[in-house]
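Colleague: build me a model from this:
(chains A and B)
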Amino acid sequence: MLKRENQLPKNTLDSVNPQGFGKLHSFIKPRRKELRWTEIPWEINLWEARQKASQQKQPLFIWAMNGNPLGCT
Amino acid sequence: MQNFVPVADNCSYTQNLQNMEGEFFCLIAEQGHYGGRTKPTTTRQGLYTCTLAGELLASINTRDGDEVAEMMRQALEKWHQKRGRAVEVAPGGYDYDPHNGRWEYPEDGLVLNLYARDLHRESGEVDSRWNLDRVWFTRDEVNSLIPENMVIGKNYPIPRHLARRIAKLHLVDIVRGESPRWKNEDLKQVEIALIAEEIIDDRMVLRLEGIVRNEAPPILYVNPFSNQKVDMPRGIELQLLGDLTYNQTAGTFENFDAIAVGSRWGATAFNARFDDLGPAPIGFAFELASDSMIDRTPPQAILSSYFEVV
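Modeller: Numbering: from 1, shown residues only, chains lettered A, B, ... in the order given. From the prediction side, this is the model:
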């Protein structure tokens, strides 16, 4: 759980106005540390990843989820 | 990770493919942590390391970083033992369509990233979980968003089917996990409009405003892991606000920042809300997606008649 962030009003709905818009938009978007997984050079197709692994002579690392792991899961 | 070729895959789709890609995934998965399992579900979610021939090195289903690291270490140890035999040439010459023609990225359309997160409760506390999705509009749909000869200050509702797509397929409580999309009859109020605030040369500064209210009766699905039943109604009531910039010459959005903020209640079988039925505050944020491979991931609802007019 996050602790209260002082820059957001207690009643969040009060900030659905042009003045509070920017803060809410920034709050909802992921933080930089929450996007660390995007720094990995994910292939998005299993077959093409296999071709690449053959070229690079490396094993595969498969992140398999119900829903696309790079999207909604 | 530099010792592997990492790939992300929607296994609920892949494990049911009747082609070499599906067969390859199943070959690996059946050697892994859920091999042979049919109850409570047939999911094969997890992290797998394997050789080109589909020989499993190690697998696990966890969110614990240390456990993942240990799995990778074990995998590499096995890989080095097998190296001479493991470096087979991957099968080639297989002519396949990775999406079986089911979807096409809207190259000249509009693609947005959508984020969903809980907002602060009255107590001031907030849960840190979040989720993401993508929103797609075709070229023709983008053109239909911007009426000709817009008048400053006038309210222009966006095409009904586009507003309903956003409400039905995207304003869904996915913060803690997947959730079924709404049905047409669940959409009780959907009003989304654009207002031109300023037009400078070929750039239009637009404000997006809207209200969405969706309500659905209990669907009585049972989570097979917890045996909890969805025996309560669910709903969402949101105000929308956005700050957009449209380039008339290019026919593209240069900026598309929007939020949908309000209240959610209820739970679905897999969205992990049984302990948090609400009503409670929730927020969605939209922004322009990049052209990266990750941002080209299709919307979760892409296989649910995504472009159908509802």
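
Colleague: for the stretch 101-250 of chain B, which segments count as strands?
Modeller: Secondary structure of the stretch 101-250 of chain B (DSSP state E, counting those that start in this stretch): strands located at B:110-118, B:130-137, B:155-157, B:187-200, B:203-216, B:234-247.

Colleague: redo those as TSV? Include distance to chain A.
Modeller: In this view, the C-beta of every residue, glycine as well, is placed from N, C-alpha and C. Below are the strands of the stretch 101-250 of chain B laid out as TSV (distance: least, Cβ to the nearest Cβ, whole Å):
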stretch	distance to chain A
strand B:110-118	5
strand B:130-137	4
strand B:155-157	16
strand B:187-200	10
strand B:203-216	8
strand B:234-247	5
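
Colleague: and those as JSON lines, adding mean pLDDT?
Modeller: Formatted as JSON lines, the strands of the stretch 101-250 of chain B follow (pLDDT from 0 to 100):
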{"stretch": "strand B:110-118", "mean pLDDT": "98"}
{"stretch": "strand B:130-137", "mean pLDDT": "97"}
{"stretch": "strand B:155-157", "mean pLDDT": "96"}
{"stretch": "strand B:187-200", "mean pLDDT": "96"}
{"stretch": "strand B:203-216", "mean pLDDT": "97"}
{"stretch": "strand B:234-247", "mean pLDDT": "96"}
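
Colleague: out of those strands, flag the one nearest B:L52.
Modeller: Closest to B:L52 of the strands of the stretch 101-250 of chain B, according to Cβ to Cβ: strand B:130-137, at 30.6 Å.

Colleague: what lies in contact with that closest one?
Modeller: For strand B:130-137, the surrounding residues in contact (Cβ atoms under 8 Å, 6 or more residues apart in numbering or on different chains) are A:28, A:30, A:34, A:71-73, B:105-106, B:109-117, B:145, B:162, B:166, B:170, B:174-177, B:286, B:289, B:295, B:297-300, B:302, B:306.

Colleague: pull out the buried members of those.
Modeller: The neighbour count (16 or more other Cβ atoms under 10 Å in any protein chain shown) marks A:28, A:30, A:71-73, B:106, B:109-117, B:145, B:162, B:166, B:170, B:174-177, B:286, B:289, B:295, B:297-300, B:302, B:306 as buried among the contacts of strand B:130-137.

Colleague: thinking again about what came up before, which of the contacts of strand B:130-137 fall in helices?
Modeller: If you go by DSSP state H, the contacts of strand B:130-137 have A:28, B:145, B:162 in helices.

Colleague: what's the closest of those residues to A:N66?
Modeller: A:I28 (23.9 Å).

Colleague: quick check: closest non-adjacent residue to that closest one.
Modeller: Of all residues not flanking A:I28 in the chain, B:A285 sits nearest, at 3.7 Å (Cβ to Cβ, 6 or more residues apart in numbering or on different chains).

Colleague: check contacts around the one you found.
Modeller: The neighbourhood of B:A285, defined by Cβ under 8 Å, 6+ apart, consists of A:24-25, A:28-29, B:114-115, B:117, B:257-259.

Colleague: where does chain A have low pLDDT?
Modeller: Scanning chain A for pLDDT under 70 picks out A:1-15.

Colleague: one more time with 90
Modeller: Residue ranges of chain A with pLDDT under 90: A:1-20, A:44-48, A:51, A:54-55, A:57, A:66-68, A:72-73.

Colleague: mind listing what B:L57 touches?
Modeller: Contacts for B:L57 (Cβ under 8 Å, 6+ apart) come out as A:59, B:49-51, B:74-76, B:78-79.

Colleague: repeat that with 6 Å
Modeller: A:59, B:49-50, B:75, B:78-79 (Cβ atoms under 6 Å, 6 or more residues apart in numbering or on different chains).

Colleague: CSV for those, including distance to B:M20 and secondary structure?
Modeller: Converted to CSV, the contacts of B:L57 look like this (distance: Cβ to Cβ, whole Å; DSSP: H, G, I helix; E, B strand; the rest coil):
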residue, distance to B:M20, secondary structure
A:P59, 19, coil
B:T49, 20, strand
B:C50, 15, strand
B:A75, 23, helix
B:K78, 24, helix
B:W79, 23, helix
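
Colleague: closest to B:S123 out of those residues?
Modeller: B:S123 lies nearest to B:T49 out of these, by Cβ to Cβ, at 42.7 Å.

Colleague: neighbours of the residue nearest to B:A196 when sequence neighbours are not counted, how many?
Modeller: Nearest residue to B:A196, sequence neighbours excluded (Cβ to Cβ, 6+ apart): B:M150, at 4.3 Å. Each residue near B:M150 was counted by other Cβ atoms under 10 Å in any protein chain shown, and the total is 17.

Colleague: ok, B:M150 touching B:L194?
Modeller: No. Contact between B:M150 and B:L194 fails when scored by Cβ atoms under 6 Å: they sit 8.0 Å apart.

Colleague: domain parsing of chain B, as residue ranges.
Modeller: Using automatic domain parsing, the domain parsing of chain B gives B:11-82, B:110-308.

Colleague: how long is the longest one end to end?
Modeller: Put plainly, it is domain B:110-308. Criterion Cα to Cα, to the nearest Å; first-to-last residue distance in domain B:110-308 is 17 Å.

Colleague: from the chain's centre, how far out does it sit?
Modeller: Distance of domain B:110-308 from the chain centroid (Cα atoms, centre = their mean, to the nearest Å) equals 11 Å.

Colleague: so what's the residue nearest to A:E34 when sequence neighbours are not counted bridging to?
Modeller: Excluding its sequence neighbours, the residue lying closest to A:E34 (Cβ to Cβ, 6+ apart) is B:W130, at 6.9 Å. Listed beta-bridge partners, B:W130: B:R117 (assigned using DSSP bridges).
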